[in-house]
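**Q** got a predicted structure plus its sequence, pasted below:
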Amino acid sequence: MNSAFFWSSSRDCVIILYSMLKRFGVSLEQDLLAQFDGLLLSQGYSNRSEAIRDLIRDALVKKEWLKEDVETAGVVIIVYNHHLHELSKKVTDIQHKDFGKVVSTLHVHLDEHNCLEVILLKGKAKEIKPLANTLISTRGVKFGQFVPATSGKNI
Ligand code: NI
């Protein structure tokens, strides 16, 4: 375990930070590494380590979603014309029915007709997924996407 030792004179105390970082080597084909570096550059990463950490976390979150009883979180994004099919009412009714899983909703009036809603869901994967699917598949919703996120506890 690596450790760091700091002296803070303003608070007259000693702060000891233990870093849990471990180093490991990765062997890659030259072309693959060049493509990876290009990807990092385009995404704004300043070093490979941070990019690799994010790739690992992405994989762990995907695995988390396979365990249906794990508490997690996700975001639904929908765009619809509120004049059609009483959609504002329908979308609101669906959320009220499952109010325990809806943490927050952001409603934006994009123009005279179109609304964008961002709905943050929290709960077990097996409960969140059907609710997200119901919202996205509601008749008249012209764009719908679900982003599986994480509670952050296990990564
Ligand atoms: Ni609106």
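**A** It's in. Numbers count the residues shown, from 1 in each chain.

**Q** so what's residue 67 up against?
**A** residue 125 (C-beta atoms under 8 Å, 6 or more residues apart in numbering). C-beta coordinates here come from the backbone N, C-alpha and C atoms, glycine included.

**Q** go again using 10 Å as the cut-off
**A** 124-126, 154 (C-beta atoms under 10 Å, 6 or more residues apart in numbering).

**Q** helix, strand or coil: sort out the residue of the chain found nearest the ion for me.
**A** Residue of the chain nearest the ion, by C-beta to the ion: residue 115 (3.3 Å). Following DSSP: H, G, I helix; E, B strand; the rest coil, residue 115 is assigned to strand.

**Q** how many residues are close by the nearest residue to it once chain neighbours are set aside?
**A** Leaving aside its chain neighbours, residue 115 sits nearest to residue 82 (4.9 Å; criterion: C-beta to C-beta, 6 or more residues apart in numbering). Look at residue 82: counted by other C-beta atoms under 10 Å, it has 17 neighbours.

**Q** again, but for the one 10 residues further on
**A** The tally of other residues near residue 92 (other C-beta under 10 Å) stands at 14.

**Q** who's in contact with the helix or strand it falls within?
**A** For residue 92, the element it lies in under DSSP states H and E is helix 87-97. Helix 87-97 is contacted from outside by 76, 78, 80-82, 86, 101-102, 105, 107, 115, 117, 119, 121, 131, 134-135, 138-142, using C-beta under 10 Å, 6+ apart.

**Q** buried ones among the residues you listed?
**A** Buried members of these, scored by 16 or more other C-beta atoms under 10 Å, are 76, 78, 80-82, 101-102, 115, 117, 119, 121, 131, 134-135, 138, 141.

**Q** rank those by pLDDT and give me only the lowest.
**A** Least confident of the buried ones among the contacts of helix 87-97 in the model: residue 82, at 90.

**Q** so who does that one touch?
**A** 88-89, 91, 107, 109, 112-115, 140 are the contacts of residue 82 under C-beta under 10 Å, 6+ apart.

**Q** show the buried residues in those.
**A** Buried among these (16+ other C-beta under 10 Å): 88, 91, 115.

**Q** domain map for this structure?
**A** The record's domain parsing of the chain by automatic domain parsing lists 18-66, 71-148.
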